[in-house]
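Trainee: Starting from these lines, generate the structure:
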Amino acid sequence: MKKYVLSLFALCWTFGVLAQEAEQKPSPWSCNGVIGLNASATGLVNWAAGGNNNVNGVAFGKVRLLYNENNLSWETNLNMEYGLSFIDQKYDPFQKTSDVIDFKTKFGWQFHKAWFLTAAAGFKSQFDLGKAYDGSEAADPIVSKFLAPSYTDISVGIDWKPNSIFSIYLSPVAGQITTAVVGDNMEAKHAGLRQQMQEKYGTWTYSKTANADGTYDKKYENFKAELGLTFKGSINYTYKDLKIITSLGLFTPYAWDKTEMFDAENNFIGYRDNNRRFGNFDVDWDAAISYQFLKCLNVTLSTSLKYYNGVKIADKDGVLAERVQFKSILGLGVGYSF
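Mentor: So this is what the prediction gives:
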């Protein structure tokens, strides 16, 4: 009997030690980020300098999920923003100020110290219709919507990650799909919108054969797929209540066709490849600094800079050209960092 008791005690002790070791073993999963709501309001009564009453709000969330165990590493980032402004005016009282869906994930196998063989994927678009607000009675033209545009990328390359804060990724085998999808119902309500979107975001190609007058027709598509080279870098740093998140993405396609194109009046209208050629890089840079105080209040500064070859934007005079796009948001509101 004594032998059985001692055996049972030894077995229980063994299980207890194993359970304790399991509890002490750190989880391979970790998660951090910031979510919040920034808001502001302006009220004017008999204000001589002019202006309008307005209320602004931006909801945002930036989440990072990490997995590290043995030689495997998996990182997923999700960035979402949506902002609206109410302006006390007759036309266009509600205006969208921010709209972002940005999903990135990469899975890597460590083959030497801080070097990983990595497969990566990403998706970018927006939730809602974007309009060019002019404050007039006329209907505002639609300039963007969900999947118009959207950018999906898939690549395989080498990732250098000396720590959990910093990462540099290079892929010579990168695919990018640009979409400009307008459904039949929306096209019926807004005639010509589909072609406008596809023209604006470059999901078209010139026909292979010329017309009798020497010109080439454009073939419009819902999407355009390209193979190219991509470079990505990111920093995700947290110190107490301060959080800094930034990412830079560069992409250039493996294409080269500088054949000059002319219209029926023999005016130069561009190149056959629409400037989508090797060495012309698309630039996508985002940065956010967030500081949390009094447990629930949050100050956030976020910026976004973009430049896409072949995407032409009109200036105030209506002149179309490839331009640098920049947006910044400084907000104070309710937030939570984790």
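Trainee: average model confidence for the strand of greatest length in the chain?
Mentor: If you go by DSSP state E, the chain has its longest strand at strand 94-112. Summarised as a single mean, pLDDT over strand 94-112 is 95.
Trainee: From the contact counts, what lies against it?
Mentor: Under the contact criterion of 3 or more Cβ pairs under 8 Å, 6 or more residues apart in numbering; DSSP states H and E, strand 94-112 touches strand 54-69, strand 72-87, strand 115-125, strand 130-131, strand 325-337. All C-beta spots, glycine's among them, are computed from the backbone N, C-alpha and C.
Trainee: The second one pairs with which strands, parallel or anti?
Mentor: Think strand 72-87. Within its sheet, strand 72-87 is paired with strand 54-69 (antiparallel), strand 94-112 (antiparallel), according to DSSP bridges.
Trainee: So which bits of the longest strand of the chain are buried?
Mentor: 95, 96, 98, 99, 100, 101, 102, 104, 106, 107, 108, 110 (16 or more other Cβ atoms under 10 Å).
Trainee: Could you count how many residues lie near residue 290?
Mentor: 23 (other Cβ atoms under 10 Å).
Trainee: which element is it on?
Mentor: Using DSSP states H and E, residue 290 falls within strand 282-293.
Trainee: next one: residue 196
Mentor: Per DSSP H and E: helix 193-200 holds residue 196.
Trainee: Residue 175 too?
Mentor: According to DSSP H and E, residue 175 maps onto strand 166-179.
Trainee: Rounded mean pLDDT for that strand, please.
Mentor: Rounded mean pLDDT across strand 166-179 is 97.
Trainee: and the angle from it to strand 282-293?
Mentor: 120 degrees (axes from the mean of the first three to the mean of the last three Cα atoms, to 10 degrees).
Trainee: Would you mark the buried spots in strand 166-179?
Mentor: 167, 169, 170, 171, 174, 175, 176, 178, 179.
Trainee: Run me through the strand neighbours of that strand, direction for each.
Mentor: Note on strand 166-179: by DSSP bridges, its sheet partners are strand 150-160 (antiparallel), strand 223-239 (antiparallel).
Trainee: that older thread, want to throw the strands paired with strand 72-87 into TSV with distance to residue 33?
Mentor: Shown next, in TSV, are these (distance: least, Cβ to Cβ, whole Å):
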stretch	distance to residue 33
strand 54-69	4
strand 94-112	13
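Trainee: Residue 155 is in contact with residue 170, correct?
Mentor: No: using Cβ atoms under 8 Å, residue 170 is not in contact with residue 155, being 9.4 Å away.
Trainee: quick one: common contacting residues for those two?
Mentor: By Cβ atoms under 8 Å, 6 or more residues apart in numbering, residue 170 and residue 155 have these common neighbours: residue 230.
Trainee: which outside residues touch the strand holding residue 290?
Mentor: Taking Cβ under 8 Å, 6+ apart as the rule, strand 282-293 contacts 34, 36, 62, 79, 102, 124, 241-252, 298-309, 335-337.
Trainee: Among the residues you listed, which ones are in strands?
Mentor: Judged by DSSP E, strands contain the following of those: 34, 36, 62, 79, 102, 124, 242-252, 298-307, 335-337.
Trainee: what about the strand holding residue 175, distance to the chain center?
Mentor: 13 Å (Cα atoms, centre = their mean, to the nearest Å).
Trainee: what does stretch 305-319 give?
Mentor: 18 Å.
Trainee: List the buried residues of it.
Mentor: Neighbour-count burial for stretch 305-319 flags 306, 307, 308, 309, 310, 311, 312 (criterion: 16+ other Cβ under 10 Å).
Trainee: list the contacts for the fifth one?
Mentor: Listed by Cβ under 8 Å, 6+ apart, the contact set of residue 310 reads 202, 274, 275, 276, 322.
Trainee: Please apply the same query to the third one.
Mentor: By Cβ under 8 Å, 6+ apart, the contact list for residue 308 reads 202, 282, 322.
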